[in-house]
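Asks: Sharing a model prediction with you, sequence too.
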Amino acid sequence: MSLTATPPAGLEATLAARRTPEQLKASRALLWRDRLTSLWMPLIVLLVAYVPYLPLIEFAPSAASWAQPVMQYLALLLLVAFLGLIAWRLVVPRERILRGLRHDARELMEEIVRIHKRVPGKISAEASVRLAEQTMQVEDAFVAADAERIEKETKALDTLATQLLGVYRKQDAWDLFSGFGKALAIAFIVRIFIIEPYKIPSGSMFPTLEIGDQVFINKFLYGVRLPLTNYVPFQIVRAPARGDVIVFNNPMQTDLDFIKRVVGVPGDKVELVDGEVRINGEPQQRTLVKDDLVVYNKHDSIGWFPEHRRLYEENLSGRVHAVLQDAPTARAEHEGPYVVPPGHVFVMGDNRENSSDSRYGLGTGAGVAFVPYGHIKGKAMVIWLSLGYGGWFSGLFDGTGLRTDRLFLPVR
């Protein structure tokens, strides 16, 4: 094609007009090959799988029986793929070098395209043609898998871009920085208003949650807290309900976040009689499941150590979950009654006799303490990572390992 012909406007249009179908197909195939063999790809696939998984287990709890194993197998497959990609790059260093060169060249090409889009009509047709022709030289070097040639043609494209787009390139650097700022802002909004991770620091929620479990919490279910405040202007889906496992800012020690189970909602009268929960005088069914369950607690000075507990299944207003008790009889024969005020909840840990909860001033020991709605950060949904006792590589880290059996486990 002659340079005197009227070229299409813009770099992408110029490239589209000049590439042959074979060149376009080869360029796209190489691009997708690089994307699919990126070390980020397994993580991206896992995050995409999380999008339907979280609402599925939240709104259709019975689906977890098959959805959790599917997610676990997918994660294992992606881990194998990730390790395989690393091994491939170590065994074939030439591929690693070529990928790096292609990555740098593509970033330069994307910058040139961005500039054309930002200042339409201000770049001459001749400049667009020269940049398009040099871009095609770089792409030809990609297909040839010639590292020396890729580096040479990329440098030539960079020099040409500086010559033809110099003033615009400085502006594009600022736009790129602004783009990073926007990405950080989006991440901040997601963390503040949608979903946030939380790490389990103690054994107060045994056996539902173990030390080292890391959970995602739903930030919008009850209503979004305004940043830097404990104020929720309105509810979005529903109010906290009995049986929900919540993360909250401790109203008695505001520098701490706690995770407990909601046992009482506004207006409830909560009592414990020999360990059995009674709400408004009605006993909540509790069944002994195992007389001697071993759980592993952790202390900074001695590391992991076993504890023996009695395991019960408790039905809290239709929400079935596990609770622990130290001995055949509870430490206190009777606790309460505690009447929950409006706009508050009464919380307890599932490890009932080893929990600094509402019964004990939320860790202060200063009498009963309720949790205001405004202090609730969100509802625990799922365990996304578990670095607890046992599991993979625990022999290398004083008993702490990756607990694959707990991955993607819904918090019930």
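Replies: Nice, thanks for sending it over.

Asks: Starting from the helix or strand harbouring V247, tell me which strands it pairs with and how they run.
Replies: Here V247, judged by DSSP states H and E, is contained in strand 245-249. Note on strand 245-249: by DSSP bridges, its sheet partners are strand 257-264 (antiparallel), strand 376-389 (antiparallel).

Asks: In TSV: these, plus mean neighbour count and distance to A161.
Replies: Using the backbone N, CA and C atoms, a C-beta is placed for each residue, glycine as well. TSV is the format used below for those (neighbours: other CB atoms under 10 Å; distance: least, CB to CB, whole Å):
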stretch	mean neighbour count	distance to A161
strand 257-264	25	49
strand 376-389	22	42
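
Asks: Same list (those) but as TSV, adding mean pLDDT and distance to L77.
Replies: Shown next, in TSV, are the strands paired with strand 245-249 (pLDDT from 0 to 100; distance: least, CB to CB, whole Å):
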stretch	mean pLDDT	distance to L77
strand 257-264	97	31
strand 376-389	94	17
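
Asks: can you tell me which of the ones you listed comes nearest to H308?
Replies: Smallest distance to H308 across the strands paired with strand 245-249 (CB to CB): 14.8 Å, for strand 376-389.

Asks: quick one: low-confidence ranges for the stretch 51-200 of the chain?
Replies: Residue ranges of the stretch 51-200 of the chain with pLDDT under 70: 170-179.

Asks: now the strands for it?
Replies: Secondary structure of the stretch 51-200 of the chain by DSSP state E, counting those that start in this stretch: the strands cover 195-199.

Asks: And L160, how far from A60?
Replies: Relative to A60, L160 is positioned 57 Å away (CB to CB, to the nearest Å).

Asks: who has more neighbours, those two?
Replies: Ranked by neighbour count (other CB atoms under 10 Å), L160 and A60 place L160 first, with 17 against 10.

Asks: Just give the nearest non-adjacent residue to that one, would you?
Replies: Ranked by CB to CB, 6 or more residues apart in numbering and with sequence neighbours excluded, the top spatial neighbour of L160 is Q134, at 5.4 Å.

Asks: now do D291
Replies: Counting by CB to CB, 6+ apart, D291 lies nearest to R310, which is 5.9 Å off, once chain neighbours are set aside.

Asks: I'd like to know which elements whichever strand or helix holds the one you found is packed against.
Replies: Per DSSP H and E, R310 falls inside strand 303-316. Packed against strand 303-316 by the contact rule (3 or more CB pairs under 8 Å, 6 or more residues apart in numbering; DSSP states H and E) you find strand 286-299, strand 319-325.

Asks: Highest mean neighbour count out of those strands?
Replies: strand 319-325 (a mean of 19; mean count of other CB atoms under 10 Å).

Asks: Next SSE downstream of that strand?
Replies: Once the chain leaves strand 319-325, the next helix or strand it forms, by DSSP H and E, is strand 334-339.

Asks: Name every strand pairing with that following strand and say which way it goes.
Replies: Going by DSSP bridges, the partners of strand 334-339 are strand 269-273 (antiparallel).

Asks: Now the partner strand: buried residues?
Replies: Neighbour-count burial for strand 269-273, counted by 16 or more other CB atoms under 10 Å, picks out K269, V270, E271, L272.

Asks: is it true that the last one touches R278?
Replies: I take that to be L272. Yes. Counting by CB atoms under 8 Å, R278 is a contact partner of L272 at 7.2 Å.

Asks: So which of the strands paired with strand 245-249 is nearest D104?
Replies: D104 sits nearest to strand 376-389 of all the strands paired with strand 245-249, at 32.9 Å, using CB to CB.

Asks: Report the inter-axis angle for the closest one versus strand 195-199.
Replies: 40 degrees (axes from the mean of the first three to the mean of the last three CA atoms, to 10 degrees).

Asks: angle of strand 376-389 against strand 286-299?
Replies: On the basis of the same axes, to 10 degrees, strand 376-389 is oriented at 70 degrees to strand 286-299.

Asks: now strand 376-389, how far from the centre of its chain.
Replies: The chain centre lies 10 Å from the centre of strand 376-389; the measure is CA atoms, centre = their mean, to the nearest Å.
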